[in-house]
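Engineer: Need a 3D model of the sequence below.
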Amino acid sequence: MRILFLTPQLPYPPHQGTTIRNYNLIANLASRHEIHLLSFVRSQDEIDRATPLHQHCRSIEAVLAPHRSPLNRFLSLFLSPLPDMALRLPSAEFKTKLAAALQRVPFDVVQVEGIEMGPYLEVAADSRKQGAAKGQPLLVFDDHNAEYVLQQRAFETDVRQARHWVGALYSFIQYKKLSRYEAMVCRLADRVVAVSEADKRALQRLVPGLEATVVPNGVDTEFYDDQFPMTNDKSRFGHWDLDIGIWSLVFTGKMDFRPNVDAVLWFCQEVLPLVRRKMPDVHLYIVGQSPHRRVLRLADDPAVTVTGYVDDVRPYIAGACVYVVPLRIGGGTRLKVLEAMSMGKPIVSTSLGCEGFEGLVPGRELSLADTPEEFAQRVIELLSDVSRRERLGRAARRFVEEQYDWRLIVPKLEQIYEK
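Structural biologist: Modelled structure (predicted):
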């Protein structure tokens, strides 16, 4: 098949959720299909650096992502019926390039990645009405999260804290707007993809009778290897000053993403002090690009290291005793959890942090806790018990090998195309 991917950012390097999913879908489809890509980029030289992507795609076209001023965003909050995510990437040039590509190439599938690309699903649907082949191309909407649920949960979290009333107001408005817009986008597509059964049910609450299909997030189990070698070879790992200690914890993720910011703030303020009462030498590594200023301030504590961007997260995951997932906001499934499991790390997570993974059994593949006291206790138990850490890590690795390797997941997407 000829498949056109529309992505909000270039799917290379695969360093965060959207790019990881998009790159692995493309890479695993490319051996059997002809892949074309139209993407937003932050700079034109991104294309030149994306050598692996060129190996998988027949053609790559790019458009510079537009800039929205804070004033524009503030005004649209109250003056536009559309949610912020639908207004992030307005581009006449992108619409022109998309329309030209649809005229030039008889695509079998146009796959729209994420709700911020919803406006271009509308362009593809309008273009199809004028085409000669009825029902071609097939329009697939890959909803990376049930986005309205994320904002609903953010509102519920903030409204419980009086000092966060501004954030609560923003999330409430976005939740209501997203509920309408996400439903419209789902109705516009021929096929809707959700990343978990929980997200599928959430979308079906918006659109009763919607036939969404689950194509979960996955992991490259060869890259995220549980036998990853630990070494201080800086020529190999570049930025890596990890001082591996017996009581080390790690969290990884894009650190200006609101659910991740909330997670590490909650952990450092509510959980870490309880762990340190029993284990005063414990150290937390917060690993990920673009740390928010509130995250940066956490490094004032000598027990916390905020790394910022690193070339490779694997040394940090491999070097830690326990991987923590203290998420209280969000939806979908977390790629960070799959990466840690693939590397055989014992995990302590909130219920929300491991939501969406079918067949996952708390106590077998990871430890679960939702209050500060429970979370601290689970961490202390694992730090104190090497054999339990190893047992959980082995079970976690086996779980992702059997169910969440990208090579097992991508055929589920192909089945959608063939329906």
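Engineer: which is the next helix or strand following the helix or strand bottoming out on mean pLDDT in the chain?
Structural biologist: Comparing every helix and strand of the chain by mean pLDDT, DSSP states H and E singles out helix 234-237 as the least confident one, with a mean of 35. Sequence-wise, the next helix or strand downstream of helix 234-237 (DSSP states H and E) is strand 248-252.
Engineer: Need the contact partners of the helix or strand encompassing Met341.
Structural biologist: Per DSSP H and E: Met341 is located in helix 335-342. Applying Cβ atoms under 8 Å, 6 or more residues apart in numbering, the external contacts of helix 335-342 come out as 17, 20-21, 217-221, 224-226, 251-253, 313, 317, 323, 325, 347, 349, 353-354, 357, 365-366, 396-397, 399-401, 404. Just so you know, the C-beta spots here come from the backbone N, C-alpha and C atoms, and that holds for glycine as well.
Engineer: Give me the subset of these that lies in strands.
Structural biologist: Judged by DSSP state E, the subset of these located in strands is Phe251, Thr252, Tyr323, Val325, Ile347, Ser349.
Engineer: where in the stretch 101-250 of the chain is pLDDT low?
Structural biologist: Judged by pLDDT under 70, the stretch 101-250 of the chain has its weakly predicted residues at 131-135, 162-163, 230-246.
Engineer: Please enumerate the strands of it.
Structural biologist: Using DSSP state E, counting those that start in this stretch, the strands of the stretch 101-250 of the chain run over residues 109-113, 138-143, 191-194, 212-214, 248-252.
Engineer: tell me the most buried of those?
Structural biologist: Most buried of the strands of the stretch 101-250 of the chain, by mean neighbour count (mean count of other Cβ atoms under 10 Å): strand 109-113, with a mean of 27.
Engineer: between it and strand 138-143, how many degrees?
Structural biologist: With axes from the mean of the first three to the mean of the last three Cα atoms, to 10 degrees defining the directions, strand 109-113 sits at 20 degrees from strand 138-143.
Engineer: Point out the other elements, helices or strands, that strand 109-113 touches.
Structural biologist: Packing contacts for strand 109-113, counted by 3 or more Cβ pairs under 8 Å, 6 or more residues apart in numbering; DSSP states H and E, involve strand 2-7, helix 17-29, helix 118-129, strand 138-143.
Engineer: what's next to the last one, contact-wise?
Structural biologist: Which is strand 138-143. The contact list for strand 138-143 (Cβ under 8 Å, 6+ apart) reads 21, 25, 108-115, 118, 121, 124-125, 128, 182, 185-186, 188-195, 199, 203, 212, 215, 416-417.
Engineer: redo that, cut-off 7 Å
Structural biologist: Strand 138-143 has contacts (Cβ atoms under 7 Å, 6 or more residues apart in numbering) with 108-113, 115, 121, 124-125, 185-186, 189-194, 203, 416-417.
Engineer: Pull it out as PDB, backbone CA atoms only.
Structural biologist: The C-alpha coordinates for strand 138-143 follow below in PDB (Å, rounded to 0.1, in the frame of the first residue of the first chain):
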ATOM      1  CA  LEU A 138      -8.700   5.500   3.700                       C
ATOM      2  CA  LEU A 139      -8.500   8.100   6.400                       C
ATOM      3  CA  VAL A 140      -7.000   6.800   9.700                       C
ATOM      4  CA  PHE A 141      -6.900   8.900  12.900                       C
ATOM      5  CA  ASP A 142      -4.300   7.700  15.400                       C
ATOM      6  CA  ASP A 143      -5.400   9.300  18.700                       C
END
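Engineer: chain center to the strand or helix carrying Leu413, what's the gap?
Structural biologist: Using DSSP H and E, Leu413 sits in helix 406-418. Mean-position distance between helix 406-418 and its chain equals 19 Å (Cα atoms, centre = their mean, to the nearest Å).
Engineer: for stretch 4-24, same thing?
Structural biologist: 10 Å.
Engineer: And stretch 325-334, by the same measure?
Structural biologist: Using Cα atoms, centre = their mean, the mean C-alpha position of stretch 325-334 is found 10 Å from that of the whole chain.
Engineer: For that stretch, list the C-alpha coordinates in PDB.
Structural biologist: C-alpha atoms of stretch 325-334 as PDB (Å, rounded to 0.1, in the frame of the first residue of the first chain):
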ATOM      1  CA  VAL A 325       6.100   6.300  37.800                       C
ATOM      2  CA  PRO A 326       4.300   8.700  40.200                       C
ATOM      3  CA  LEU A 327       1.800  10.000  37.500                       C
ATOM      4  CA  ARG A 328      -1.500  11.500  38.700                       C
ATOM      5  CA  ILE A 329      -2.600  13.000  35.400                       C
ATOM      6  CA  GLY A 330      -2.700  11.600  31.900                       C
ATOM      7  CA  GLY A 331      -4.100   9.000  29.600                       C
ATOM      8  CA  GLY A 332      -3.100   6.400  27.000                       C
ATOM      9  CA  THR A 333      -0.100   4.200  27.800                       C
ATOM     10  CA  ARG A 334       3.300   5.300  28.800                       C
END
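Engineer: what's in contact with it?
Structural biologist: The contact list for stretch 325-334 (Cβ under 7 Å, 6+ apart) reads 144-146, 149-150, 153-154, 157, 195-196, 199, 216-217, 258-259, 262-263, 266-267, 271, 337, 347, 349-350, 352-354, 356-357, 375.
Engineer: Ramachandran coordinates for Pro8?
Structural biologist: phi -80, psi -20 (degrees, to the nearest 10).
Engineer: any idea of the pLDDT on it?
Structural biologist: Looking at Pro8, its pLDDT is 97.
Engineer: Just confirm it contacts Phe40, I think it does.
Structural biologist: Yes: the pair Pro8 / Phe40 is scored as a contact, 5.6 Å apart, by Cβ atoms under 7 Å.
Engineer: what do the two both touch?
Structural biologist: Here Pro8 and Phe40 have Leu89 as joint contacts, going by Cβ under 7 Å, 6+ apart.
Engineer: Which one of the helices and strands packed on strand 109-113 lies nearest to Glu381?
Structural biologist: helix 17-29 (29.6 Å; Cβ to Cβ).
Engineer: quick one: average pLDDT of the closest one?
Structural biologist: What helix 17-29 shows for mean pLDDT is 95.
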